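> Just to be clear, the model below is a prediction. Sequence and coordinates:
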Amino acid sequence: MSENPKKNRLFCFGLGFTAQALAQKLPAQSWSVSGTCREKDKKISSKKLLTVPFDGSKATEEIREFLSKATHLLVSIPPQSSGDVVLQNFGSQIEGSENLQWIGYISSTGVYGDTQGEWVDESSPLKPLTELNMRRVESENGWLNMVKKDRPVMVFRSVAIYGPGRNLLLSVRKGKARRIDKPGLVFSRVHVEDLAQTLEASIKNPNPGEIYNVSDDHPSPPSEAVEYACQLLHVDPPPLIPFESAELSELARGFYTTCKRVGNKKIKEELGVKLKYPDLRSGLDAILKMM
């Protein structure tokens, strides 16, 4: 039986949390989804998703074959110390592909740095404070440069992503949630379903060269978020730890040293996105019902 020539083929560099959520939204009869995974992550939750290993060090013929048939491309692998491993290994093939109708690159709102709680939008200056976010800016530029060669690239700057399997309720149940006290600090977040619907909306209405912030409507203090998760689970919240004395990884400390509110007006006005979970509380409420 020959392949359906009209079937859309999404290939994901990083078939992880976000890519799997997007795959669930795409109708199986008109879409096939495949992507890369690390050797240790070979077990993907959905049997319908085809995976190929990619350790970031070299291109393989298997991946090149998938890429040659792809009509849509999602890239969520963050840049490494060596740079953007997807651009390094597959950039020339992607530039030369005539099949690709949409290329989505997932970046981070960390590229805006610290605005001391002020709102940012897609026109705000980029002031990355960490090495990772500096590399993200370089990767964004590398992908957006493809637009000059008629490649349909869009960049999605996402805030912290949560959803089923990755959320504060699980952290509280496992005893891993911490309540860090840093007055004035707020985080923006987004439910993975809302990120996935934003990507789907862009696929339906691609606008090459555009950048989109992806966030919910209500930034909130991280300590308040932990308290609400504990309230839902009817447990006492963990003790409040002053930020100055908290033992945090370098990545976590980076989150706590920057404060900004991320505006999402553009995805609503240009892509018609209507958030299913406009704040963390509504998202956690829905997740609890599924647990």
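Okay, I see it.
> Can you show me the strands along the stretch 151-291 of the chain?
Under the criterion DSSP state E, counting those that start in this stretch, the stretch 151-291 of the chain contains strands at 153-158, 160-162, 179-181, 189-191, 211-214, 240-242, 261-262.
> Could you look over these and pick the most buried one?
Comparing the strands of the stretch 151-291 of the chain by mean neighbour count (mean count of other CB atoms under 10 Å), strand 189-191 ranks first with a mean of 26. From N, CA and C alone the C-beta is placed, and that goes for glycine too.
> got a list of contacts for that one?
158-163, 214-216, 219-220, 225, 276-277, 280, 283 (CB atoms under 8 Å, 6 or more residues apart in numbering).
> Check stretch 70-90 too.
8-14, 16, 18-19, 22, 35-36, 56-59, 63-64, 67, 94, 97, 99-106, 108, 132, 135-136, 138-139, 142-143, 199, 203.
> Stretch 141-158 now?
With CB under 8 Å, 6+ apart as the criterion, stretch 141-158 contacts 18, 75, 84, 87, 91, 94-95, 100-109, 111-112, 122, 140, 190, 195, 198-199, 202, 206-215, 262.
> Using PyMOL, make a named selection holding only the buried ones among those.
Of the contacts of stretch 141-158, the buried ones go into a single PyMOL selection, burial set by 16 or more other CB atoms under 10 Å:
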select buried, resi 18+75+84+87+94+100+102+103+104+105+106+107+108+109+111+112+122+140+190+195+198+199+202+206+210+211+212+213+214+215+262
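> So which of the contacts of stretch 141-158 belong to helices?
Among the contacts of stretch 141-158, the members found in helices (DSSP state H) are Thr18, Leu87, Gly91, Ile94, Glu95, Glu140, Leu195, Thr198, Leu199, Ser202.
> Could you look up the SS state of Thr51?
Secondary structure, DSSP: H, G, I helix; E, B strand; the rest coil: Thr51 is strand.
> And the pLDDT for it?
Here, the pLDDT recorded for Thr51 equals 88.
> Run a quick neighbour tally on it.
Residues lying near Thr51 (other CB atoms under 10 Å) number 17.
> got a list of what the closest residue to it other than its chain neighbours touches?
Nearest non-adjacent residue to Thr51, counting by CB to CB, 6 or more residues apart in numbering: Cys37, 4.6 Å away. Cys37 sits next to Gly14, Leu15, Gly16, Ile44, Thr51, Val52, Pro53, Phe54 when contact means CB under 8 Å, 6+ apart.
> Tell me what Cys37 is bridged to.
Cys37 has the following beta-bridge partners by DSSP bridges: Pro53.
> Glu224 and Glu138, how far apart?
In this view, Glu224 and Glu138 are 35 Å apart by CB to CB, to the nearest Å.
> Could you do Asn205 as well?
28 Å.
> and the gap between the residue nearest to Pro278 when sequence neighbours are not counted and Glu95?
Leaving out its chain neighbours, the residue that sits closest to Pro278 by CB to CB, 6+ apart is Asp217, at 4.3 Å. Plainly put, Asp217 is 37 Å away from Glu95 if you go by CB to CB.
> Contacts only, for Gly263.
Gly263 makes contacts with Trp119, Val120, Asp121, Asn213, Ser215, as judged by CB under 8 Å, 6+ apart.
> rewinding a little: with respect to Thr258, which of the ones in helices among the contacts of stretch 141-158 is nearest?
Top of the list for closeness to Thr258, among these and by CB to CB, is Glu140 at 17.7 Å.
> In this structure the closest one contacts Tyr105, no?
Yes - counting by CB atoms under 8 Å, Tyr105 is a contact partner of Glu140 at 6.9 Å.
> looking at the contacts of Cys37, which has the most residues close by?
Greatest neighbour count in the contacts of Cys37, by other CB under 10 Å, goes to Leu15: 28 neighbours.
> what residues are up against the residue nearest to that one when sequence neighbours are not counted?
Among residues not flanking Leu15 along the chain, Gly35 sits closest, at 3.1 Å (CB to CB, 6+ apart). By CB under 8 Å, 6+ apart, Gly35 lies in contact with Leu10, Phe11, Cys12, Phe13, Gly14, Leu15, Ala19, Leu49, Leu50, Thr51, Val52, Leu74.
> who has more neighbours, Asn205 and Glu138?
Neighbour tally, Asn205 and Glu138, criterion other CB under 10 Å: the higher count belongs to Glu138, 15 against 11.
> Need the three-state assignment for that one.
helix.
> any idea of the pLDDT on it?
98.
> Equivalent analysis for Cys37, please.
With respect to pLDDT, Cys37 has a value of 88.
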